[in-house]
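**Q** Turn this into a model:
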Amino acid sequence: MTKFSVVFLVVLCAMLVVKYAQHPPVLYAQPPSMGTDDDKLLEFYWDAASGNVHHYNVYLSIDGGDYALVGQTSTSDAPTQSAPYALPIQAINGKIYRIKVEAEDASGITGPMSEPSEPVLCLLPPPGAVLDRPVSVPTE
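**A** The predicted structure follows:
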């Protein structure tokens, strides 16, 4: 390799470094949207099923594993945002949770399984941390 070739390669590499420093390549992959929960109580709600619903069966997946039956609602009413269904487990910090639900009638006939919920990541605060929570402030 001639001295000119070495100098040319060094200059070319320097130009590429400057180019990518000013205009880094665009990465199109986006992480999935994910909810977070800062306590061990995971609560979910969903749209009501049509038909004669007796209760809902709730299936849970942890960290992308298989779905397993973890509970059922006590009524035929679907949980709402103001009255969600609390999973009968304590969440573990750093784990990702998703649920599926199915409606069941009084005869034991179940409807189709729902699509998976959005993932929820349990992120517990460090021990002794004080979380900022809304408080009521009296007005005069």
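**Q** What lies in contact with stretch 80-90?
**A** Residues from elsewhere that reach stretch 80-90 (C-beta atoms under 8 Å, 6 or more residues apart in numbering): 40-45, 56, 58, 60, 70-71, 73, 79, 97, 99. To be clear about C-beta, it is placed using only N, CA and C from the backbone, and glycine gets the same treatment.
**Q** again, 6 Å this time
**A** For stretch 80-90, contacts defined as C-beta atoms under 6 Å, 6 or more residues apart in numbering pick out Lys40, Leu41, Leu42, Glu43, Phe44, Tyr45, Gly71, Pro79.
**Q** Now do the buried residues in that stretch.
**A** Tyr85, Leu87 (16 or more other C-beta atoms under 10 Å).
**Q** Endpoints of that stretch, how far apart?
**A** 21 Å (C-alpha to C-alpha, to the nearest Å).
**Q** Select the helix or strand of the protein having the lowest average pLDDT value.
**A** helix 3-22 (a mean of 44; mean pLDDT, DSSP states H and E).
**Q** That concludes my questions; thank you for your assistance.
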